[in-house]
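**Q** Got a sequence here, can you build the structure:
(chains A, B, C and D)
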4 protein chains.
Amino acid sequence: MTLKMDIADLHGFLAETFPQVGTDFIVDALTPAAITVHMPVADRHMRPGGTISGPAMFALADVTAYLIILANIGPRALAVTTNCSIDFMRKPAAGQMLICEGRLLKLGRALAVVDALIYSAGQAAPVARASLTYSLPK
Amino acid sequence: MTLKMDIADLHGFLAETFPQVGTDFIVDALTPAAITVHMPVADRHMRPGGTISGPAMFALADVTAYLIILANIGPRALAVTTNCSIDFMRKPAAGQMLICEGRLLKLGRALAVVDALIYSAGQAAPVARASLTYSLPK
Amino acid sequence: MTLKMDIADLHGFLAETFPQVGTDFIVDALTPAAITVHMPVADRHMRPGGTISGPAMFALADVTAYLIILANIGPRALAVTTNCSIDFMRKPAAGQMLICEGRLLKLGRALAVVDALIYSAGQAAPVARASLTYSLPK
Amino acid sequence: MTLKMDIADLHGFLAETFPQVGTDFIVDALTPAAITVHMPVADRHMRPGGTISGPAMFALADVTAYLIILANIGPRALAVTTNCSIDFMRKPAAGQMLICEGRLLKLGRALAVVDALIYSAGQAAPVARASLTYSLPK
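**A** Numbers count the residues shown, from 1 in each chain, chains lettered A, B, ... in the order given. Below you'll find the predicted structure:
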C-alpha cells in the first residue's frame, strides 16, 4: 500500500479546508497503517482544575482518524465520522501537548475504522482511547 | 426525587465554572429524568459544506449529560466523563440551532448514565445520538 | 412508511434463518419506528449470583435492531452489525424475562442506526441500553 | 507489577465459576499488560453464510477483559462489565479459531479499561475490535 498524501500534503489540506482549526494539529509520523498527531494545548482547551476539555480530546481523535484515512484515499473532504466511542481514563498533565497515536484497522469501500490512544506529553500511560468509524464517499 | 438545582442554578453554575463556553448552552426544560439544552450555532462550530463540527455536537451531548446529573446531585464540578459513544446520523441544517434531549438512565453512587438525541431546529429526525457515562465524586 | 414484514413474518424468518437461536426471541409489538422483543431467560443465559450474561443481553439488543430493520426493508439476511455500544446499568431480576424496546433512529441506503433499552420484567428502571449500526446490503 | 493469578489459575477459576462456558476459552499468553485468549469455534457460534455470531465475539472480548483484570487483582467474580463498544470489521474465516489480543489500558480503584482485537486464525487483519470498562468491587 502506498500513501496518496504525505505529511506536507496533509498539513496543506488541513490549513486550506479547516482554516478555523487546521493549524491546531501537527502530523509527526505517518505510515499506511499508523499516524502520530500532536496538539499543542491552548487556553480554550482548558477546564477548571487544569484539565483539558473532553471535546478537545474528541477533536484530536477525530482529526487523527480523518488524516490517516485521507493519507490512504486522497483528499476527499466528504469522508464523515459516523461513530465514535471514547474513554477518558486519566487527567492530562497541565500545560502539556497531547499526542495521538492512530491505527487504521479497516479501510473498506464504504467504511473505515481507526482506533487511537491519546497521551499527555511526558506521561507513559494513555489519557484516553477512542475508536472511530468513517463513511467514505463513493 | 426532587432537583437540587433548577434551570437558573444550572445557568449560573455554567457561567461561573466554564467561563469559556458556559454561555453557549441554554437549558430549556428540566425534570429529574429529562433535560432539553439548546446550542445556538456560532461560526467556530461550522465546517466545510455548511455542516456543524463533530466536536461541537460532542460538547453539546457532554454538557447535557453533565447538567442533568448536577441538577440531581448538586454543583459538583468534579463529576467527569469516563465514556461517550456518539453516532452522527444526518447533516444538521445550516444556520439552525441544535437541540439536545437528554435522559438520565442511571444515577448510582459511583456512575451515572445519560443518553441524548440531538436535533437540528426545524428537522424532525435526529442528527446524532449519544450515550455518556460520568464518574461521580464521593 | 409501511412495513415489509409483520410480526408473523419476522418470527418465520428467525426460525428459518437462525434455527439455533430463532425461537429465543418473541416480537411483542411492531411499528415502522419501534419494536418490542421478549427473551425468556434460559439456564444457559445465567451467571453466578443469579445474573444474566452480558452476551445474552447483547444478543437481545442485536436481534431487536436486526428485526426492526428487516421489518422495514424486507428479509435480507445479509444486513450485518458493524458497531454496538452497550451499557450494563443494573442487575436483571433473577428468573425474569428480558424485554427490549428498540427505536429505529436512521434508515439510510448504506447504514441503519437503532437504539434499545433492555428491561427486566417487573422492574421499572432499564437494566441495559445499547445502540447499534447495521450495514445494509445493496 | 506482579500478577495475582497465572494462566493455570485463570483456567481453574473459569471452569469453577462459569461451568457453562468456562472451557470455551483458553489463555495462551499473559503479562500484566497484555493477554491472548483462544476460542475454538463450535457449531452453536455459527450463523448463516459460515460466519460467527456477534454475541460469540462479544463474549470472547468480554472474557478476555475479565481475565486480564482478574490476573492483576485476584479472583473477584463480582467485577462487572459496565460498558462495551465493539466494531465488527470483517467476516471471520469459516471453521477457524478466534484469537483475542487484550491490553489493559487502565486499572484504577473503581474502573478498569481494556481494549481488544479479535483475529480469525490464519488471517492477518483483525475481524473485530472492542473496548470494555469493568467496575471493580471494593
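**Q** okay, which residue of chain A is out on the far edge from center?
**A** Of all residues in chain A, the one whose C-alpha sits farthest from the chain's mean C-alpha position, using Cα atoms, centre = their mean, is A:G49 at 24.5 Å.
**Q** Give me the three-state assignment for that one.
**A** Going by DSSP: H, G, I helix; E, B strand; the rest coil, the secondary structure assigned to A:G49 is coil.
**Q** ok, it touching B:L78?
**A** Yes. Between A:G49 and B:L78 there is a contact at 7.3 Å, judged by Cβ atoms under 8 Å. All C-beta atoms are positioned from the backbone trio N, CA, C, and that covers glycine.
**Q** Is the biggest helix by length in chain A in proximity to chain B?
**A** If each helix of chain A is counted by residues according to DSSP state H, the longest one is helix A:54-73. Yes. Part of helix A:54-73 sits close enough to chain B to count as contact by Cβ under 8 Å from any Cβ of the partner chain, namely A:G54, A:P55, A:A56, A:F58, A:A59, A:D62.
**Q** Pull the number of nearby residues for the nearest residue to A:M46 once chain neighbours are set aside.
**A** Leaving aside its sequence neighbours, A:M46 sits nearest to A:I52 (Cβ to Cβ, 6 or more residues apart in numbering or on different chains; 6.5 Å). Residues within reach of A:I52, counting by other Cβ atoms under 10 Å in any protein chain shown, total 26.
**Q** right, and A:I52 touches A:P92 too?
**A** Yes. The pair A:I52 and A:P92 qualifies as a contact (Cβ under 8 Å) at a distance of 4.6 Å.
**Q** For A:P92, give its distance to chain B.
**A** 12 Å (Cβ to the nearest Cβ, to the nearest Å).
**Q** Which strand or helix spans that residue?
**A** For A:P92, there is no host helix or strand (DSSP states H and E).
**Q** give me every residue that touches it.
**A** The contact partners of A:P92, by Cβ atoms under 8 Å, 6 or more residues apart in numbering or on different chains, come to A:V41, A:T51, A:I52, A:M57, A:L98, A:S120, A:Q123, A:V127.
**Q** Pretty sure A:D28 sits in a helix.
**A** No. Counting by three-state DSSP, A:D28 is not part of a helix but strand.
**Q** Now it: closest residue in space, sequence neighbours ignored.
**A** Per Cβ to Cβ, 6+ apart, closest to A:D28 is A:T36, 4.4 Å.
**Q** Can you verify my assumption that the one you found contacts A:I26?
**A** No. Look at A:T36 against A:I26 with Cβ under 8 Å: they stay out of range, at 9.3 Å.
**Q** Residue of chain A closest to chain D, please.
**A** Checking chain A residue by residue against chain D with Cβ to the nearest Cβ singles out A:S85 as nearest, at 3.6 Å.
**Q** Assign a three-state SS to that residue, would you?
**A** Taken by three-state DSSP, the conformation at A:S85 corresponds to strand.
**Q** Tell me what the nearest residue to it once chain neighbours are set aside is bridged to.
**A** Closest residue in space to A:S85, ignoring its immediate chain neighbours: D:S85 at 3.6 Å, by Cβ to Cβ, 6+ apart. In this structure, D:S85 has the following beta-bridge partners (DSSP bridges): C:S85, D:S131.
**Q** Let me know the pLDDT of D:S85.
**A** As summarised for this prediction, D:S85 has a pLDDT of 98.
**Q** Check A:V41 too.
**A** Per-residue confidence for A:V41 comes out at a pLDDT of 86.
**Q** Equivalent analysis for the one 5 residues further on, please.
**A** The score at A:M46 is 74. That number is its pLDDT.
**Q** again, but for A:A93
**A** Per the predicted model, pLDDT is 87 at A:A93.
**Q** Repeat that for A:Q20.
**A** So, for A:Q20, pLDDT stands at 74.
**Q** Around it, how many other residues sit close by?
**A** When neighbours are defined as other Cβ under 10 Å, A:Q20 has 12 of them.
**Q** Would you agree it is in contact with B:R44?
**A** Yes. Here A:Q20 lies in contact with B:R44, judged by Cβ under 8 Å, at a distance of 5.9 Å.
**Q** related to what we said a few turns ago, hey, what's the angle from the longest helix of chain A to helix B:54-73? Just curious.
**A** 150 degrees (axes from the mean of the first three to the mean of the last three Cα atoms, to 10 degrees).
**Q** does any part of helix A:54-73 sit near chain C?
**A** No. Using Cβ under 8 Å from any Cβ, no contact is recorded between helix A:54-73 and chain C, whose separation bottoms out at 14.0 Å.
**Q** CA atoms only: put that helix into CSV for me.
**A** Only the C-alpha atoms of helix A:54-73 are listed here, as CSV (Å, rounded to 0.1, in the frame of the first residue of the first chain):
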residue,chain,number,x,y,z
GLY,A,54,-13.3,16.3,26.5
PRO,A,55,-14.3,18.0,23.2
ALA,A,56,-10.7,18.9,22.6
MET,A,57,-9.6,15.3,23.0
PHE,A,58,-12.5,14.1,20.9
ALA,A,59,-11.4,16.6,18.2
LEU,A,60,-7.9,15.3,18.3
ALA,A,61,-9.0,11.7,17.9
ASP,A,62,-11.4,12.6,15.1
VAL,A,63,-8.8,14.6,13.1
THR,A,64,-6.2,11.8,13.6
ALA,A,65,-8.7,9.2,12.1
TYR,A,66,-9.6,11.6,9.3
LEU,A,67,-5.9,12.2,8.4
ILE,A,68,-4.8,8.6,8.2
ILE,A,69,-7.8,7.8,6.1
LEU,A,70,-7.1,10.7,3.7
ALA,A,71,-3.4,9.8,3.5
ASN,A,72,-4.6,6.4,2.1
ILE,A,73,-7.5,7.5,-0.1
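**Q** Say whether chain D is contacted by that helix.
**A** No. No part of helix A:54-73 sits close enough to chain D to count as contact by Cβ under 8 Å from any Cβ; the gap is at least 12.3 Å.
**Q** what lines up beside the helix or strand of chain A with the lowest mean pLDDT in the sheet?
**A** Here the helix or strand of chain A ranked lowest by mean pLDDT, DSSP states H and E is strand A:46-47, holding a mean of 74. Strand A:46-47 has these partner strands in its sheet, going by DSSP bridges: strand A:51-52 (antiparallel).
**Q** just how off-centre is the partner strand within its chain?
**A** Per Cα atoms, centre = their mean, to the nearest Å, the displacement of strand A:51-52 from the mean C-alpha position of its chain is 17 Å.
**Q** What lies in contact with it?
**A** In this structure, residues lying in contact with strand A:51-52 by Cβ under 8 Å, 6+ apart are A:V41, A:H45, A:M46, A:K91, A:P92, A:A94, A:L98.
**Q** Look up phi and psi at the fourth one.
**A** Backbone torsions of A:K91, given as degrees, to the nearest 10, read phi -80, psi 130.
**Q** which parts of chain A sit against chain B?
**A** Going by Cβ under 8 Å from any Cβ, the residues of chain A near chain B are A:17-18, A:20-21, A:43-44, A:46-49, A:53-56, A:58-59, A:62, A:77-78, A:80-89.
**Q** Up against chain C, what does chain A have?
**A** Counting by Cβ under 8 Å from any Cβ, the residues of chain A that sit close to chain C are A:T82, A:N83, A:S85, A:A110, A:L111, A:T133, A:S135.
**Q** Just the buried residues of those.
**A** Using 16 or more other Cβ atoms under 10 Å in any protein chain shown as the burial test, these include A:T82, A:N83, A:S85, A:L111, A:T133, A:S135 as buried.
**Q** circling back to that earlier point, TSV please, covering the contacts of A:P92 and showing distance to B:K4.
**A** As requested, the contacts of A:P92 are exported to TSV (distance: Cβ to Cβ, whole Å):
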residue	distance to B:K4
A:V41	33
A:T51	24
A:I52	28
A:M57	29
A:L98	34
A:S120	33
A:Q123	35
A:V127	30
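**Q** just curious, which of the residues you listed is nearest to D:G102?
**A** Checking the contacts of A:P92 against D:G102 by Cβ to Cβ gives A:V127 as the nearest, at 19.8 Å.
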